[in-house]
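>>> Provided below for reference: sequence and predicted model.
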Amino acid sequence: MKKICLVLIVLLAASSFVFGKGQQGGGGGATAPSAGSGTLIGIAMPETHVRRWGKDGASLKAFAEAKGYRAEVAFGDADQAQQNRQIEGFLTQGAKLLVVGNINDGVNSVIAQAASDEVAVIAYDRLIMESADYDYYITFDNFKVGQFQGQGIEQGLNLASATAESPKYITLFAGSPTDNNSKFFFDGAMNILNPYIEKGVLKVIGPYPKTSADNDNFQRIATENWQAPLAKTRMENLLSNDARDVVLDAVLAPNDTLARAIIEACLADAKYVGGKLPVVTGQDAEFDSALSIKNGQQYMTVFKDTTKLAEAAIILADQILKNQTPNIPGASLASGSLTSIGDTGKKVVKTYLLEPVIVTKSNLSVPINAGFYPDDEAAKLR
Ligand code: BGC
């Protein structure tokens with residue numbers, strides 16, 4: 001009996017070595033390290049209609065390969081069923097770790113599958129909600145991203161000197177209701193703007209959720225899957241209905257793709273053509289928006305150095321696969337009140353945060369000097 005047990009133990013140990021099921025992952029459990037030399041990392045990005053993700057995917061792959069991993073990237077086209085098939089494909093090919101920027105909670109079944117295969121998962125940029133089947137999340141401080149958007153409006157409208165007799169008018173947009181980040185962006189922005197609204201110096205045209213917790217109103221201002229045409233249509237409707245009798249001073253837009261769609265709608269309205277556009281916010285420092293800021297149309301953006309995010313995610317992946325305690329230069333482990341950023345509703349995952357930077361016309365040089373744009377684009381922004 002003893003002999004049979006010994007043989008079994010040896011066989012199990014061997015299979016764990018050959019098939020590399022020994023990583024710390026899913027629900028935890030640390031065993032034999034397996035890293036580098038051709039180990040597959042599966043990279044699942046949510047979409048390509050927002051430009052950053054193409055670059056995130058390419059950077060993640062390049063950093064993984066530089067560390068000796070094999071890496072494959074797939075884009076989900078904002079379709080969770082499609083992304084799930086891509087993730088299942090990575091698992092079938094024997095991936096040992098997944099980096100996932102998900103689309104919605106429908107991803108949870110494949111994350112559970114990864115956990116049962118003992119494949120580690122890093123939630124990338126977007127927290128995977130309502131899952132207890134993974135351990136790590138890496139992102140930017142997204143509440144701060146929202147606060148920067150609020151501060152952009154505060155500064156652009158000089159709200160500190162605004163009066164209730166002559167209030168400023170704003171309309172509010174949020175990102176996809178299926179993306180957990182959207183709530184952080186919105187709540188950060190409203191953290192800055194609500195005091196002015198309460199004083200009566202800033203008036204909201206259209207729905208006014210004070211925070212994302214007002215789910216009914218939040219859904220009214222949200223933009224399913226971050227689709228620019230939806231934001232454009234909503235802006236056109238606002239301009240010809242709720243905002244018909246006022247001149248808007250600002251629009252809270254959650255990212256650059258939607259900001260430009262909103263500006264397009266304004267530019268088709270006689271009130272704003274050739275005149276003063278509202279202060280429109282954004283994030284991602286997309287080239288088209290940086291150019292728009294340079295030309296005095298979009299007011300601000302938030303620079304999130306996604307090359308640094310990708311690099312940090314692969315450092316984390318490498319340390320997980322080697323069973324090392326993560327220690328990532330340029331990213332800090334969320335602690336204290338920030339720990340709740342990693343609360344999926346089922347578990348609090350370890351969260352690593354990078355710092356965003358507010359960008360207006362006066363410091364467009366920040367993303368340019370960080371090498372965020374290819375040379376031909378950088379030249380157009382100088
Ligand atoms: C990201 C943003 C991006 C948006 C739409 C969010 O989760 O944090 O950078 O603009 O998704 O893709």
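Now that the structure is in, tell me what you want to look at.
>>> Which residues of the protein lie near the ligand?
50, 52, 125, 126, 175, 179, 181, 226, 255, 283, 284 (CB under 6 Å from any ligand atom). All C-beta spots, glycine's among them, are computed from the backbone N, C-alpha and C.
>>> 8 Å instead, please
46-47, 49-50, 52-53, 101, 125-126, 139-140, 142, 145, 175-176, 179, 181-182, 185, 226, 254-257, 283-284, 304, 306 (CB under 8 Å from any ligand atom).
>>> Sort out for me which of the residues you listed are in helices.
Among these, the ones falling in helices (DSSP state H) are 52, 53, 142, 145, 181, 182, 185, 256, 257, 306.
>>> how much space is there between the last one and residue 240?
Separation of residue 306 from residue 240 (CB to CB, to the nearest Å): 37 Å.
>>> which SSE is residue 74 in?
strand 70-75 (DSSP states H and E).
>>> need the helices for the stretch 51-200 of the chain, in chain order.
In the stretch 51-200 of the chain, the segments counted as helices under DSSP state H, counting those that start in this stretch are 52-66, 80-92, 108-116, 142-156, 180-199.
>>> which one of those helices is the most hemmed in?
Sort the helices of the stretch 51-200 of the chain by mean neighbour count, taking mean count of other CB atoms under 10 Å, and helix 142-156 sits at the top with a mean of 23.
>>> count of residues packed around the closest residue to residue 122 other than its chain neighbours?
If the residues on either side of it in the chain are set aside, residue 122 comes closest to residue 136, at 4.6 Å by CB to CB, 6 or more residues apart in numbering. Residues lying near residue 136 (other CB atoms under 10 Å) number 24.
>>> looking at it, residue 136 is touching residue 320, isn't it?
Yes. The pair residue 136 / residue 320 is scored as a contact, 6.9 Å apart, by CB atoms under 8 Å.
>>> Contacts only, for residue 267.
Shown in contact with residue 267 (CB atoms under 8 Å, 6 or more residues apart in numbering): 273, 277.
>>> what about 10 Å?
Counting by CB atoms under 10 Å, 6 or more residues apart in numbering, residue 267 touches 273, 274, 275, 277, 297.
>>> Does the closest residue to residue 332 other than its chain neighbours lie in a helix or a strand, and which?
Nearest non-adjacent residue to residue 332, counting by CB to CB, 6+ apart: residue 353, 5.6 Å away. Here residue 353 sits within strand 350-354, counting by DSSP H and E.
>>> Direction included, what does that strand pair against?
strand 136-140 (parallel), strand 332-333 (antiparallel) (DSSP bridges).
>>> For residue 308, grab phi and psi.
Dihedral pair for residue 308: phi -70, psi -40, per degrees, to the nearest 10.
>>> Tell me, what's the model's pLDDT at it?
Residue 308 is assigned 98 on the pLDDT scale.
>>> ok, it - how many residues close by?
18.
>>> wouldn't it be in contact with residue 370 here?
Yes. With contact defined as CB atoms under 10 Å, residue 308 counts as touching residue 370 (8.4 Å).
>>> on that earlier part again, just give me the closest of the ones in helices among the residues of the chain next to the ligand to the ligand.
residue 181 (4.0 Å; CB to the nearest ligand atom).
>>> which residues does the closest one contact?
Residue 181 neighbours (CB under 10 Å, 6+ apart): 125-127, 139-140, 142-143, 145-146, 175, 226, 254-255, 283.
>>> In space, what's closest to residue 278 - neighbours in sequence excluded?
residue 248 (4.4 Å).
>>> where's the one you found relative to residue 110, distance?
Residue 248 is 43 Å from residue 110, by CB to CB.
>>> Tell me which of the helices of the stretch 51-200 of the chain sits nearest to residue 72.
helix 80-92 (6.6 Å; CB to CB).
>>> That closest one - contacts with which helices or strands?
Packing partners of helix 80-92 (3 or more CB pairs under 10 Å, 6 or more residues apart in numbering; DSSP states H and E): strand 40-45, strand 70-75, strand 97-100, helix 108-116.
>>> Pipe those into TSV and attach mean pLDDT per row.
Converted to TSV, the helices and strands packed on helix 80-92 look like this (pLDDT from 0 to 100):
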stretch	mean pLDDT
strand 40-45	98
strand 70-75	98
strand 97-100	99
helix 108-116	98
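>>> Turn the ones you listed into CSV, including distance to residue 220.
Shown next, in CSV, are the helices and strands packed on helix 80-92 (distance: least, CB to CB, whole Å):
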stretch, distance to residue 220
strand 40-45, 29
strand 70-75, 29
strand 97-100, 29
helix 108-116, 27
